[in-house]
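Participant: the amino acid sequence is not available; the structure is as follows:
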């Protein structure tokens, strides 16, 4: 999950786990061994803009300052021998390019809708490609705001023009995924960037229906009554809404530009094996199928996406969600599908005293990559996030590079 909320929601998921247990997140590659044939490999980092998580460092910088910071992140990616940057260009139903559908992003100037005086997405694509980096444009389909007050949105924000499209939940505003007109609009808003820029991929993270918040209800009963006929329950209808979003967007991307890939980075647990025999050997409190109404397994099996990058934001041996067990499970999911598997890595947890002891060890992430080399389906890793890739807490990223990234890596096979 990259962006604000990744820390909060991984923490929330861990809290849910605890409560569950108490009651009963274009070049040659390192080979698996030095004498094996190199294979294509993604080495990516998420670059989050929401709430100025990674970039810009603060809202209101000049265009030149913002551009310099952005290029600095791209240069850091090159220095770390990465080959892809997943750049968040639609953080809260606003845009980091001059979109005809949505206002300029608040993170740029501090005022949603205010022109920053330059085109961040256009610059990112150009400067990334000049450095041999792929640029994956990262969009959040449904989040409108990290607050619940529509009057704080830009005057011409679509959510203000269509107040019937939005629902408050958990202190945030969301577009209602059950409305066909919402699904159509958010697809059009994202496809505008696909048409206008030479991006290498469209990327979504884990925010579909919102993460559960104790004691709160996502009030879509009226929408379900209108559109839910023929489904056994609301959960099945919600999953179908999410399926439609993914399936339709996949087809539309290929129609606009066949070479542009479509990738999704879900929360790392589809379902626990205790819930479903097809699930992973985990005991997670959040399961994407049940709580986010996101059937990530189905999307892989149906070939609706080109890659999946599950957020395996746990250490090796973590009891409720063991990184090693989850890599094994996801490798089995992609086997024979043609969908590439990239592993989302929790660089942000390194040296965090609130995390398990494994995250105080600078070698933990390097061990992740060593373990993943045993699985043919794993075609790379992506690190959350850019700020930590640069800051290199306790030398963990330096260790990854030294142990695994001896040379630059080609991304396509």
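Facilitator: Perfect, I can see it now. What you see is a predicted model; the values in this text were computed from it and never measured.
Participant: those helices in the protein, which residues are they?
Facilitator: 6-22, 63-79, 106-109, 120-130, 158-161, 180-196, 221-227, 234-256, 296-302, 323-334, 364-372, 386-391, 396-404 (DSSP state H).
Participant: for residue 276, what are phi and psi?
Facilitator: Main-chain torsions, residue 276, degrees, to the nearest 10: phi -150, psi 130.
Participant: give the residue spans of the stretch 51-200 of the chain that score low on pLDDT.
Facilitator: The model of the stretch 51-200 of the chain has no residue with pLDDT under 70.
Participant: most packed of the helices of the chain?
Facilitator: Of the helices of the chain, the one with the most neighbours on average (mean count of other CB atoms under 10 Å) is helix 106-109, at a mean of 24. C-beta coordinates here come from the backbone N, C-alpha and C atoms, glycine included.
Participant: the helices of the chain: which one's closest to residue 276?
Facilitator: helix 296-302 (9.2 Å; CB to CB).
Participant: which elements pack onto that closest one?
Facilitator: helix 234-256, strand 307-308, helix 323-334 (3 or more CB pairs under 8 Å, 6 or more residues apart in numbering; DSSP states H and E).
Participant: mind checking how far that helix is from the chain centre?
Facilitator: Centre-to-centre, helix 296-302 and its host chain are 17 Å apart (CA atoms, centre = their mean, to the nearest Å).
Participant: re earlier: let me have the helices of the chain in a markdown table, extended by distance to residue 266.
Facilitator: Below are these laid out as a markdown table (distance: least, CB to CB, whole Å):
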| stretch | distance to residue 266 |
| --- | --- |
| helix 6-22 | 12 |
| helix 63-79 | 23 |
| helix 106-109 | 24 |
| helix 120-130 | 24 |
| helix 158-161 | 25 |
| helix 180-196 | 18 |
| helix 221-227 | 23 |
| helix 234-256 | 11 |
| helix 296-302 | 5 |
| helix 323-334 | 10 |
| helix 364-372 | 17 |
| helix 386-391 | 20 |
| helix 396-404 | 23 |
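Participant: out of the ones you listed, nearest to residue 93?
Facilitator: Closest to residue 93 of these is helix 158-161 (CB to CB; 6.4 Å).
Participant: centre of the chain to the closest one, how far?
Facilitator: With CA atoms, centre = their mean, you get 25 Å for helix 158-161.
Participant: show me what it is packed up against.
Facilitator: Partner elements for helix 158-161 (3+ CB pairs under 8 Å, 6+ apart): none found.
Participant: could you rerun that using 10 Å?
Facilitator: strand 143-145, strand 166-169, strand 172-175, helix 180-196 (3 or more CB pairs under 10 Å, 6 or more residues apart in numbering; DSSP states H and E).
Participant: so which of those gets nearest residue 128?
Facilitator: Residue 128 sits nearest to helix 180-196 of all the helices and strands packed on helix 158-161, at 14.2 Å, using CB to CB.
Participant: before we move on, back to that, for residue 126, which of the helices and strands packed on helix 158-161 is the nearest?
Facilitator: Of these, nearest to residue 126 by CB to CB is helix 180-196, at 12.8 Å.
Participant: now that closest one against helix 234-256, angle please.
Facilitator: Calculated by axes from the mean of the first three to the mean of the last three CA atoms, to 10 degrees, helix 180-196 forms an angle of 30 degrees with helix 234-256.
Participant: any idea which residue sits dead centre in the protein?
Facilitator: For the chain, the residue nearest the mean C-alpha position is residue 205 (2.6 Å; CA atoms, centre = their mean).
Participant: quick one on the thing from earlier: quick one: which of the helices and strands packed on helix 158-161 is nearest residue 272?
Facilitator: Closest to residue 272 of the helices and strands packed on helix 158-161, according to CB to CB: strand 166-169, at 24.3 Å.
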